[in-house]
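Asks: Coordinates only, no sequence provided:
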């Protein structure tokens, strides 16, 4: 049985954010971005019950942001944190290049994923204090698999989390709470193997 320990947030992240806020205040800026939300594609490998992307973005599901355009968007924002979402970012054929470049430039990168392609991505993107996987989890096994409309996704996500943690990655989870979500189910323990 392997326990999953809480991911420690790098001290440098807090220091960088603090300095970034102070610097912008000293420059007299009332508003400035804290996080760049980068969505390099809308395509996904799931059809989750609570997601409207399949309908809303039907005309652009096949479009993918080029690497240079993604990096330019992050640079123009100036925020020290980048959250990469979408669709499913790990489908993007160059997501590893985007992430590696941002990490090299010392941005704190959080890549949101359903973990279906995580094992493949662990071979392409090395662990770093500047990088964190954010795994989509909508409750324990029955509820999660129901919400993503596919059996076995919860188990794959849990296996992916364990694999990533064992290889030195920081991992967080992201949970969508629906009107009919069972709060007790959301508090459940992640099963250990």
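Replies: That came through fine. Everything quoted here is computed from the prediction, not taken from an experiment. Residues are numbered from 1 along each chain as shown.
Asks: per-residue confidence for residue 1?
Replies: With respect to pLDDT, residue 1 scores 42.
Asks: ok, residue 88 touching residue 118?
Replies: No. In this structure, residue 88 is not within contact of residue 118 by CB atoms under 8 Å, at 10.7 Å. In short, each C-beta sits where N, CA and C put it, glycine included.
Asks: Now do stretch 55-68: distance from first to last residue.
Replies: Start-to-end span of stretch 55-68 (CA to CA, to the nearest Å) is 28 Å.
Asks: Sort out which residues of that stretch are buried, please.
Replies: 57, 64, 65, 67 (16 or more other CB atoms under 10 Å).
Asks: mind listing what the residue nearest to the spatial centre of the chain touches?
Replies: With distances taken as CA atoms, centre = their mean, residue 112 lies nearest the centre of the chain, 1.7 Å away. For residue 112, the contact set (CB atoms under 8 Å, 6 or more residues apart in numbering) comprises 83, 84, 85, 86, 89, 134, 136, 174.
Asks: Quickly list what it is bridged to.
Replies: Here residue 112 sits in beta bridges with residue 134, going by DSSP bridges.
Asks: Could you measure from it over to residue 18?
Replies: Distance, residue 112 to residue 18, using CB to CB, to the nearest Å: 25 Å.
Asks: ranges for the strands of the protein?
Replies: Secondary structure of the chain (DSSP state E): strands at 35-38, 81-84, 108-113, 131-136, 170-174.
Asks: Report the distance from the last one to the chain centre.
Replies: What separates the centre of strand 170-174 from the centre of its chain is 7 Å, taken as CA atoms, centre = their mean, to the nearest Å.
Asks: so what strands line up beside it?
Replies: strand 131-136 (parallel).
Asks: Contacts for the strand it pairs with, please.
Replies: Under CB under 8 Å, 6+ apart, the answer for strand 131-136 is 7, 83, 99, 103, 108-115, 118, 125, 148, 157, 160-161, 164, 169-176.
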